[in-house]
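>>> sequence unknown, structure follows:
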């Protein structure tokens, strides 16, 4: 285990890293931990740097290396909670890189590890991760089912960051289904939560989804204001995904307003960022919008080019009928895990009652 002072130092390092966007201090901590054979500190520091690299630093491949090394250390330390956490982030890297089935496999490993460790936050991350893979393949209903499970568990865990992440994921899922009333209710809940637990990057996503709902209800001026606020926050504090999504939605708004030059600039910026996060379909959507823009400008050759690229990305995503493979794998492997999960949670609950009595 890591001593309290080291834990505090790591928390401070994480804050400094995300504020200054400079890995010098965490790099030094990693070198020192290796030199002094502080394996727990080393694993946590690698995890910290990896989280930065995959999000703000926009380097999923480098992050994956840190997470794998932290996972090896977690096994050596028999720290199954830490192992589940490293597996979650390894899966997140694979999702960013477009390796969807690999991501699913790793999240299923993380779920099994969570059961062995009786680690509730690990359950949450695994369920939420599986939901992300479902969402990629358009299985929105199945995604909502797993995301709701993650959220319900997170609501009973004293972890404000984890709860925020699950709430945002649930908002995104409900928005995909156009459950506007539920989205507005969840956004109000998120606003209250962020007032108690401020987190700037989450605030940016709050403005994104508020803007999306307003846009879909044809309140363009109000939607634009929300997205401009989100853009400012995302540029200064948000990660790659957040900035890409803002650029995509602003492109949609500009296109709707016939501001073709601004739309092109925003959508091409989304494509530039999207090359680094192949696991999400924002690039495909950007190509579709650019196709529409080119048609409106009478540039049919460019429109055809965007159509071809968009279709190629869609075909790549559906290669080998991955949706059916997803359904088959998830049901086959998750059903027994569900039973083990219920047994594990019951055991924890009964042990707690025994101690209380």
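Sure thing, it's come through. What you are looking at is a predicted structure, and each value in this text was computed from that prediction instead of being measured. Residues are numbered from 1 along each chain as shown.
>>> what residues are up against the residue nearest in space to the middle of the chain?
Here the mean C-alpha position of the chain is nearest to the C-alpha of residue 92 (C-alpha atoms, centre = their mean), at a distance of 7.1 Å. Taking C-beta atoms under 8 Å, 6 or more residues apart in numbering as the criterion, residue 92 is in contact with 54, 103, 129. No exception for glycine: its C-beta is placed from N, CA and C like everyone else's.
>>> Secondary structure element holding the last one?
Secondary-structure assignment from DSSP states H and E places residue 129 in helix 120-136.
>>> again, but for residue 37
If you go by DSSP H and E, residue 37 is not part of any helix or strand.
>>> Make 631 the starting number, not 1.
I'll keep to 631 as the first residue from here, and by that count the last item is residue 667.
>>> Per-residue pLDDT of it, please?
Predicted confidence (pLDDT) for residue 667: 94.
>>> number of nearby residues for it?
The local packing of residue 667 (other C-beta atoms under 10 Å) involves 8 other residues.
>>> Is there a neighbour count for residue 665? I'd like the number.
Using other C-beta under 10 Å, residue 665 has 9 neighbouring residues.
>>> ok, now residue 689?
Neighbours of residue 689 under the rule other C-beta under 10 Å: 19.
>>> give me every residue that touches the nearest residue to it once chain neighbours are set aside.
Distance criterion C-beta to C-beta, 6 or more residues apart in numbering; nearest residue to residue 689, sequence neighbours excluded, is residue 683 at 4.5 Å. Listed by C-beta under 8 Å, 6+ apart, the contact set of residue 683 reads 689-690, 692-693, 696.
>>> So how do I select the buried members of these in ChimeraX?
Listed next is the ChimeraX selection for buried residues among the contacts of residue 683, using 16 or more other C-beta atoms under 10 Å:
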select :689,690,693,696
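>>> Show me which pair in the contacts of residue 683 is furthest apart.
690 and 696 (10.7 Å; C-beta to C-beta).
>>> any idea which helix or strand comes after whichever strand or helix holds residue 775?
Here residue 775 sits within helix 770-784, counting by DSSP H and E. Later in the chain than helix 770-784, the nearest helix or strand by DSSP H and E is helix 790-806.
>>> what comes up buried for the helix or strand just after that following helix?
Following helix 790-806 in sequence order, the next helix or strand is helix 810-826 (DSSP H and E). Within helix 810-826, the residues that count as buried by 16+ other C-beta under 10 Å are 813, 816-817, 820, 823-824.
>>> immediately after helix 810-826, which helix or strand?
Counting by DSSP H and E, what follows helix 810-826 is helix 830-846.
>>> Could you identify the helix or strand that succeeds that next one?
Helix 830-846 is succeeded, C-terminally, by helix 850-867 (DSSP H and E).
>>> which residues in the stretch 881-987 of the chain form helices?
890-904, 912-926, 930-947, 952-986 (DSSP state H, counting those that start in this stretch).
>>> what's the model's confidence in the last one, averaged?
Helix 952-986 shows an average pLDDT of 52 in the prediction.
>>> Could you list the low-pLDDT ranges of the stretch 681-830 of the chain?
Residue ranges of the stretch 681-830 of the chain with pLDDT under 70: 686-688.
>>> Repeat that for the stretch 831-980 of the chain.
Using pLDDT under 70, the flagged stretches of the stretch 831-980 of the chain are 868, 906-910, 943-980.
>>> Go again with 50.
Filtered on pLDDT under 50, the stretch 831-980 of the chain yields the residue ranges 950-951, 959, 976, 980.
>>> what's in contact with the helix or strand in which residue 655 is found?
Using DSSP H and E, residue 655 sits in helix 654-665. Residues from elsewhere that reach helix 654-665 (C-beta under 8 Å, 6+ apart): 639-640, 643, 646-647, 668-669, 671-672, 675-676, 678-679, 682.
>>> Identify the farthest-apart pair in these.
Spanning the widest gap among the contacts of helix 654-665 are 646 and 669, at 23.1 Å by C-beta to C-beta.
>>> The two: which is more packed in?
residue 669 (17 against 14).
>>> got the contact list for that one?
Counting by C-beta under 8 Å, 6+ apart, residue 669 has contacts 663, 703, 706-707.
>>> for residue 647, same thing?
By C-beta under 8 Å, 6+ apart, the neighbours of residue 647 are 653, 655-656, 678-679, 682.
>>> again, 7 Å this time
By C-beta atoms under 7 Å, 6 or more residues apart in numbering, the contact set of residue 647 is 653, 656, 682.
>>> possible to save the residues you listed as a markdown table with neighbour count?
Below are the contacts of residue 647 laid out as a markdown table (neighbours: other C-beta atoms under 10 Å):
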| residue | neighbour count |
| --- | --- |
| 653 | 16 |
| 656 | 19 |
| 682 | 23 |
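>>> need those residues in a markdown table with distance to residue 802, can you?
Below are the contacts of residue 647 laid out as a markdown table (distance: C-beta to C-beta, whole Å):
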| residue | distance to residue 802 |
| --- | --- |
| 653 | 29 |
| 656 | 29 |
| 682 | 22 |
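>>> between these, which is closest to residue 919?
Checking the contacts of residue 647 one by one against residue 919 (C-beta to C-beta), the nearest turns out to be residue 682, at 30.8 Å.
>>> and the closest one, what element?
helix 669-684.
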